[in-house]
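Engineer: how does the following fold in three dimensions:
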Amino acid sequence: MNRERIEEFLYREADLLDRPDLDSWMNLFAESGTYWMPATEDQQDPINHISHIYDDRVMMEIRRRNFIHPRASSKEWEVRCSHVIGNIRLLPEVAEDVITVTSNQHVVVWYRDEQRLYACRVTHRLQIDGEDFKILEKQVDLINPEAPQQSLIIYL
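Structural biologist: Sure thing, here's the model as predicted:
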């Protein structure tokens, strides 16, 4: 698989989250796609343990609607984000049409006149979709998952 295409996909996703354009971002996910942010280091699964976030497409749609709704509290304050992605690694392929990619990311979020910094290791399981990809799973492992987290207003 072409490493440049995979990197460009990750940068495109980051750009959509930076805007934030949740409609277009959600279109990057497969219908069965999930987004998971574990609440502890080395958490085994999102079903039997509490997570910061574990969303399927239905929950993503609910969050998206809440985020853009004209009366949503999130609309009272502008949200600005900046993703920096590095150390992109392709893991050995398990299936012909699925690629696992890890990256380190620093995300700065400006919300409610406050700047927040998140550092994480992100794992994407991507399904090859013609010349593009669909996200099957996105796992965001914060470097400090056990620390109290302020309200996560936007996906990282």
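
Engineer: what packs against the longest helix seen in the chain?
Structural biologist: Determined from DSSP state H, the single longest helix within the chain is helix 3-18. Here helix 3-18 touches helix 22-26, strand 80-90, strand 98-111, strand 114-129, strand 132-142, going by 3 or more CB pairs under 8 Å, 6 or more residues apart in numbering; DSSP states H and E. All C-beta spots, glycine's among them, are computed from the backbone N, C-alpha and C.

Engineer: of those, which is nearest residue 7?
Structural biologist: Each of the helices and strands packed on helix 3-18 has some distance to residue 7 by CB to CB; the shortest is strand 80-90, at 5.7 Å.

Engineer: list the strands paired with the closest one, with their directions.
Structural biologist: The partner list of strand 80-90 in its sheet, established with DSSP bridges, is strand 98-111 (antiparallel).

Engineer: these two touch, right, residue 33 and residue 134?
Structural biologist: Yes - with contact defined as CB atoms under 8 Å, residue 33 and residue 134 form a contacting pair (6.9 Å).

Engineer: one step back: what does the longest helix of the chain contact?
Structural biologist: Contacts made with helix 3-18 from outside it, assessed by CB atoms under 8 Å, 6 or more residues apart in numbering, are listed as 22, 24-25, 28, 80-83, 85, 88, 90, 99, 101, 103, 105, 124, 126, 131-133, 135, 154-156.

Engineer: go again with 6 Å.
Structural biologist: The set of residues external to helix 3-18 that reach it, using CB atoms under 6 Å, 6 or more residues apart in numbering, is 24-25, 28, 81, 83, 85, 88, 101, 133.

Engineer: cool, and stretch 37-56?
Structural biologist: Under the criterion CB under 6 Å, 6+ apart, residues 34-36, 140, 145-146 lie in contact with stretch 37-56.

Engineer: now, the most widely separated pair of these?
Structural biologist: Using CB to CB, the two most remote members of the contacts of stretch 37-56 are 34 and 146, lying 21.8 Å apart.

Engineer: quick one, which of the two is more surrounded?
Structural biologist: Neighbours per residue, other CB atoms under 10 Å: of residue 34 and residue 146, the larger number sits with residue 34, 20 against 10.

Engineer: name the residues linked to the nearest residue to residue 63 once chain neighbours are set aside by a beta bridge.
Structural biologist: Spatial nearest neighbour of residue 63, excluding adjacent residues (CB to CB, 6 or more residues apart in numbering): residue 55 at 6.7 Å. With DSSP bridges as the criterion, the beta-bridge partners of residue 55 are residue 35.

Engineer: I am finished for the moment; much appreciated.
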